[in-house]
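Undergrad: Sharing a model that was predicted from the sequence below.
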Amino acid sequence: MKRLSRVLSGLLALGALWTATPARAEPGPAHLRPVRDVAVTYRVQGGNEAPRLVPVAWLAASDRIRAEPPGLPGWVLVDLPRNEALLVIEAQGMAVRLPAGNLLPLLGGIPPDTRLSPAGSGTVAGHRCEVWQVRRQDAAGTVCLTEDGVILRAEGARGGKHGRLEATRVTYGRQDPARFQLPAGVPVVNLPPALLSGLLGGR
C-alpha cells in the first residue's frame with residue numbers, strides 16, 4: 001500500500017464531502033462546503049500510518065482546494081466543479097492528473113442510499129461544530145461541520161480501510177486566487193499507473 005497515496009486519498013475525500021448535497025438528511029447540515037475562504041491545517045491519518053500535518057486552503061468563489069501533503073514533489077489542486085485533481089510540480093514545469101475515480105469518489109454527490117443524522121456537537125481547534133453520522137451500505141463514519149461548512153473532524157471506514165482527519169488550526173481570510181491556478185504554460189500529463197505510484201511514494 002502506498003503511504004502518501006493513503007494520506008492523499010483521505011484528504012481528497014474531504015473535498016468530496018464539501019461538494020456533496022445530502023439526499024436524505026432531516027434536518028441536514030446548513031452547508032457541506034465552506035461558504036467563505038479559509039485555510040486549515042489537518043492532521044490526517046490513513047490506516048495504520050503515522051499522522052501527517054497537511055495544509056489545505058479553500059477558495060470559496062470557485063470551489064477549488066489547494067493542498068500541500070508532505071513528501072510529494074508538488075502541491076495538489078482540486079477543481080470540484082470539473083471533478084478534477086492535479087499534482088502540480090512547478091520545479092519540473094508540469095502537472096500530473098490524479099485518478100479521480102479513486103481519489104474523488106464522491107464528487108458527484110452523496111449517493112442516494114446515504115443517510116446523515118445529527119449526533120451532537122463538539123469543539124475542534126477552537127471552533128464549534130455539529131457532529132453528523134454518515135451511513136451508507138458500504139461505508140460509515142462521522143463528520144463535524146461548522147455552520148459555514150468547514151469540516152473540522154472526520155472519521156470513517158469503507159472497504160476495510162479506515163481514515164481520520166482533524167483540524168489543528170483554522171484561519172479565515174481572503175485567499176489569493178492565483179494560488180489556485182495552474183502556472184501559465186504548464187502542461188497536464190497522464191502518467192501510467194506504475195509511474196504515478198512511484199511519484200506518490202509507492203513502495
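TA: Yes, it's here. For clarity, every value in this text was computed on a predicted model and none was experimentally measured.
Undergrad: switch to C-alpha atoms for all contacts and neighbour counts from now on
TA: Will do.
Undergrad: does Arg179 sit in a helix, a strand or a coil?
TA: Secondary structure assignment for Arg179 (DSSP: H, G, I helix; E, B strand; the rest coil): helix.
Undergrad: which residue packs closest to it, ignoring adjacent ones?
TA: Nearest non-adjacent residue to Arg179, counting by CA to CA, 6 or more residues apart in numbering: Arg66, 7.6 Å away.
Undergrad: The strand or helix carrying the one you found - contacts with which helices or strands?
TA: Using DSSP states H and E, Arg66 maps to strand 64-67. Counting contacts by 3 or more CA pairs under 8 Å, 6 or more residues apart in numbering; DSSP states H and E, strand 64-67 packs against strand 52-59, strand 75-79.
Undergrad: 10 Å instead?
TA: Under the contact criterion of 3 or more CA pairs under 10 Å, 6 or more residues apart in numbering; DSSP states H and E, strand 64-67 touches helix 3-19, strand 38-46, strand 52-59, strand 75-79, strand 84-89.
Undergrad: Can you flag the weakest of those by average pLDDT?
TA: Ranked by mean pLDDT, the helices and strands packed on strand 64-67 bottom out at helix 3-19, with a mean of 50.
Undergrad: Any regions of this protein where pLDDT drops low?
TA: 1-27, 100-113, 193-203 (pLDDT under 70).
Undergrad: Burial check on Ala178, number of neighbours?
TA: Counted with other CA atoms under 10 Å, the neighbours of Ala178 add up to 8.
Undergrad: Can I get the strand holding Arg66 in CSV? Just the C-alpha atoms.
TA: C-alpha atoms of strand 64-67 as CSV (Å, rounded to 0.1, in the frame of the first residue of the first chain):
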residue,chain,number,x,y,z
ARG,A,64,-11.2,25.0,-5.5
ILE,A,65,-8.9,23.4,-3.0
ARG,A,66,-5.1,23.7,-2.7
ALA,A,67,-3.5,21.0,-0.5
